[in-house]
Every structure is written in structure tokens, then in C-alpha cells.
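>>> Based on what follows, work out the 3D shape:
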Amino acid sequence: MKMKQQLLFPSMMKESSKPVIPPKEECQILYYGRYIDDDTIIFIEKERAEYNAEIHTAMAKAEKAGLTWGEFKEKHPKVFNKVWGILECSGLMTLDEWLKDRTKEKGRRRKAPSQVQETPPSKEEYMKTNRWERMPLPEEPFNGEVLLEYAPSLAAPYDGCEMWIPTEITDEFGEVQVGFSVDAYVTFKAEDAKKVTRAFRKHGYLCRRNDRLVEKSMGIV
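So this is what the prediction gives:
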């Protein structure tokens, strides 16, 4: 009996040491594809890749068609709300806020009640201010460049991936790069794609190659 236990023990240890790979339906999906050239690939979380691609595609159509911000809102309401939300969170002044602020500022500059009244601030003045410092008006031509100033992840959806990619994968296959924001990202050699995707699978990630989606998510529409 003792001998039997000794014979069984090694096989039991071997079985228990195997990594538990989650079923596909429980895995988080990652898209990967070319980064800069054919020799390098990048991995992007599914939600981020699809979110970016949707915004970039709609913006490219709006700019190509020469739409105004008002027309962009009408034709692409869903994307407009996302874009507008980004600008609002950036603290840019609306026309009403700017007019109130300028009126107060001019009022503080008046030295005496008898002084000649200054010309009140106007919409035209607002339109002449730096577009990176204010919200766009409906009649102005649509321009998506201002978004990249406040949402760098729209141009670099992979930024910060160094934080969630398993360390052992980065150490074995990856190369850490300096990010556009404060967070670093990781690139991989295209020739290691199969090895890297297998490594991700062990950690509960299901990798799908989609070069076009990856390009769109970076603004290459």
C-alpha cells in the first residue's frame, strides 16, 4: 500500500501543477495588429479598440464631408455625445460661460461709473480665441484635432497597457516603450505572435488579429 502511494504521488503532483486555463467564453478579448511596421505588433483591449475606431471613423467622415459641428451632431449623434463629453470634461468654456467671464472681467477694469461703457464681449471675439481653449460652436467647421490634446488615448489606445499585461509576458516577449501620457506601453515582435497569444491565453485573454481595427483605433482610417 505504501509503495502504491509513492507511485501515485508524482503523477498527482504533475496534474495539480498544470495551469488552469479559463474557457473561451470567460476570457477577455484582445485585438492585436501591426504597430508602425510589419515587424512589430501591439495589443489593445477590445472595448478601447472598438470605442476608438468608432470615433475616428465618424470624425474622418465628418471632416471629409466638410461638416460643421452642428451637422456632425445630426449625422453622428452617438459619437458626437462621446466627443462632446470629452471636451466638457476638459473644462473648456462654452460661449455663455466665456461671455459671463469676460463681462465680469471688464466690469472689474472700470475705474469710475462715469467712464465710457466698454463694448460688451461678443460671439465674434469668442470665435477668435484659441480653439484649444473653448468649446466649438454649431456653425464652425468640424475639426477633431482638438480632441487629441485632451484625450491622447484616442491616438494611442495602447498607452498604459504595461500596467495590465502580465509581467511574465512582458519580461519574456515584450519591449516597454515610453507612453504618450504618463503610462508606458509594450510592443512585441511580430515573429513571436503565436507564442505571445498562447501566453495571453493562459492568463485568460483571447487574442484576435485585426490589423484594420487596430489602425482605425489609432486614427488611421
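>>> Quick check: the gap between His136 and Glu88.
Rather than His, residue 136 is Pro. 12 Å (CB to CB, to the nearest Å). (Each C-beta comes from the backbone N, C-alpha and C, glycine too.)
>>> Which one of these two is surrounded by more residues?
Pro136 (22 against 11; other CB atoms under 10 Å).
>>> mind listing the helices for the protein?
2-16, 46-65, 69-75, 77-89, 95-109, 123-128, 145-150, 167-173, 193-202, 211-217 (DSSP state H).
>>> Can you give me the buried ones in the fifth one?
Of all the residues in helix 95-109, those buried under the rule 16 or more other CB atoms under 10 Å are Trp98, Leu99, Arg102.
>>> now the helices of the chain in a markdown table, with distance to Cys27 and mean pLDDT?
Below are the helices of the chain laid out as a markdown table (distance: least, CB to CB, whole Å; pLDDT from 0 to 100):
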| stretch | distance to Cys27 | mean pLDDT |
| --- | --- | --- |
| helix 2-16 | 23 | 47 |
| helix 46-65 | 10 | 97 |
| helix 69-75 | 36 | 98 |
| helix 77-89 | 27 | 96 |
| helix 95-109 | 46 | 83 |
| helix 123-128 | 50 | 93 |
| helix 145-150 | 31 | 87 |
| helix 167-173 | 15 | 98 |
| helix 193-202 | 7 | 97 |
| helix 211-217 | 18 | 98 |
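>>> Relative to Asp39, which of those is closest?
Between Asp39 and the helices of the chain, the tightest spacing by CB to CB is seen for helix 193-202, at 11.0 Å.
>>> residue contacts, Leu154?
Contacts for Leu154 (CB atoms under 8 Å, 6 or more residues apart in numbering) come out as Asn52, Ile55, His56, Leu147, Leu148, Gly219.
>>> For Ala193, state which of these is nearest.
Asn52 (21.6 Å).
>>> now, of the helices of the chain, which is deepest in the fold?
helix 211-217 (a mean of 20; mean count of other CB atoms under 10 Å).
>>> What residue, apart from its backbone neighbours, is nearest Trp164 spatially?
Glu45 (7.8 Å; CB to CB, 6 or more residues apart in numbering).
>>> Would you reformat the helices of the chain as a markdown table and include distance to Leu30?
A markdown table is the format used below for the helices of the chain (distance: least, CB to CB, whole Å):
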| stretch | distance to Leu30 |
| --- | --- |
| helix 2-16 | 28 |
| helix 46-65 | 7 |
| helix 69-75 | 31 |
| helix 77-89 | 22 |
| helix 95-109 | 41 |
| helix 123-128 | 43 |
| helix 145-150 | 24 |
| helix 167-173 | 11 |
| helix 193-202 | 6 |
| helix 211-217 | 11 |
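>>> Now do the contacts for Asn143.
Glu63, Arg131, Pro136.
>>> could you redo the residues you listed as JSON lines and give each row distance to Val178?
Shown next, in JSON lines, are the contacts of Asn143 (distance: CB to CB, whole Å):
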{"residue": "Glu63", "distance to Val178": "29"}
{"residue": "Arg131", "distance to Val178": "28"}
{"residue": "Pro136", "distance to Val178": "32"}
